[in-house]
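A.B. asks: Below is the sequence, then the predicted model.
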Amino acid sequence: MDVMRLFGHYYHKSPARRLVFIFVISVLFAAAFPLFGSDADAPSSSSAFMNKPLLPLEIFITGRQAEDGFKVETILKNVCERSLSGVLQWQLRPRGRVEIPPQPFSGLKPNEELTTSSSLLAGNREGRLFAAAEISGERLIENSIGLMPMPIRMASPKVDGCLSEWMDVPELKLAGIEPNDDLFHQFQFWWTDDALYVAAHIRDGAAQARRRLGLYLGLEGPSRRQIMGAGDFCIEMYPIEEKGIGSISISGNGFERKAGSGAIKIQEDGFTMEAQIPIGELGGWKPRRNCMIGFNLVLDEESDSAMCPPRKILRWNGSSDEYNQPLRWGLAIIY
């Protein structure tokens, strides 16, 4: 098992007072597991205040990189017209342990915010951190953020569609669109000084599906922007089993170009693929160890088959219509 630990302080922003609590969170990652990722079973968006007027409280989770390491912030905002009291707690799903007792809060005034700031020591497996607030026994309000480790290595894999070189690289899994669907797709990421390599195992529920794989990178770190800006990139691929990956498109702040290469290998349950994206196409940015970036992954599928939904969007973070907004992305840690 791999350990992720959060060390930090919990404070209440207020013109009249400031309360400080010291806490530690330790999360034990078990084996890699499928995470929520379809429109049907969408969890709360993980990087922004949720504009749901019926909720008295909004939860926002984000990350940032500081001189002393990684930070994860959880912010509660009172969006109703009365003061709120309750309990805030964290959880790793579907399995794991958080070694911190629930943290109570009281007298949170309208439009007032309560913030936790925690230093993060990440493990080497994908995870999802949930923050949940119970408002005086009325209801439970929660939000979550994905955490994805990505290694940087000296050597490069051979881009041939065979994933034998990826055995020890962390996996990201997108679940099927139905709650009881055990179909999932697997993705992996491998940085070098010269390129980003992407591997995938697409388990094919719709053999003739038209697919768009979108990889979103916030290379200047996590952001609260609603639109992509400087340092934000979208890498798009259109894998077709019989034809390969085809062209790879890279777009950013006011530009779009073709770059990179890839390969596909047919499997009994679908196909595997590899792609290479040159670092030189990412605005002069260079990967380095112990670096936090914004990150999201989306698989958009369309099918003409009567046996499959006409369209489904599987996304790692955010909802189906928000996944391209930087403030909705999760966190990737390059190690």
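C.D. replies: Noted; the coordinates are in hand.
A.B. asks: Helix or strand next in line after the least confident helix or strand in the chain by mean pLDDT, which one?
C.D. replies: Lowest on mean pLDDT, DSSP states H and E among the helices and strands of the chain sits strand 20-29, with a mean of 36. Downstream of strand 20-29, the first helix or strand assigned by DSSP states H and E is strand 57-66.
A.B. asks: Can you point out the buried residues in that next one?
C.D. replies: 57-63, 65 (16 or more other CB atoms under 10 Å). C-beta coordinates here come from the backbone N, C-alpha and C atoms, glycine included.
A.B. asks: Ok, stretch 235-250 next?
C.D. replies: Buried-residue list, stretch 235-250, by 16+ other CB under 10 Å: 235-239, 241, 244-245, 248-250.
A.B. asks: For residue 297, state which of those residues is nearest.
C.D. replies: The closest of these to residue 297 turns out to be residue 235 (CB to CB; 10.0 Å).
A.B. asks: just to revisit the earlier point, pLDDT-wise, what's the bottom of the buried residues of stretch 235-250?
C.D. replies: Across these, no position has a lower pLDDT than residue 241, which has 66.
A.B. asks: Give me the domain ranges for the chain.
C.D. replies: Listed domain ranges for the chain are 2-148, 149-334 (source: automatic domain parsing).
A.B. asks: Which one of the ones you listed has the poorest average confidence?
C.D. replies: When I compare these, domain 2-148 is least confident, with a mean of 69.
A.B. asks: surely residue 193 meets residue 289?
C.D. replies: No. Using CB atoms under 8 Å, residue 193 is not in contact with residue 289; the gap is 11.3 Å.
A.B. asks: shared neighbours, these two?
C.D. replies: residue 152 (CB atoms under 8 Å, 6 or more residues apart in numbering).
A.B. asks: so residue 225 touches residue 328, yeah?
C.D. replies: No. Counting by CB under 8 Å, residue 225 sits too far from residue 328 to count as a contact (10.2 Å).
A.B. asks: any shared contact partners between the two?
C.D. replies: Contacts common to residue 225 and residue 328, judged by CB under 8 Å, 6+ apart, are absent.
A.B. asks: Show me which of those two is the more surrounded one.
C.D. replies: For residue 225 versus residue 328, neighbours defined as other CB atoms under 10 Å are more numerous around residue 328 (22 against 14).
A.B. asks: Ramachandran coordinates for the more buried one?
C.D. replies: For residue 328, the backbone dihedrals (degrees, to the nearest 10) come out as phi -100, psi 0.
A.B. asks: Which residue comes closest to it once chain neighbours are left out?
C.D. replies: residue 318 (3.3 Å; CB to CB, 6 or more residues apart in numbering).
A.B. asks: Closest to residue 280 out of the buried residues of strand 57-66?
C.D. replies: Among those, and counting by CB to CB, the member closest to residue 280 is residue 65, at 23.1 Å.
A.B. asks: Run through the residues that contact that closest one.
C.D. replies: So residue 65 contacts 71, 221, 291-292 (CB under 8 Å, 6+ apart).
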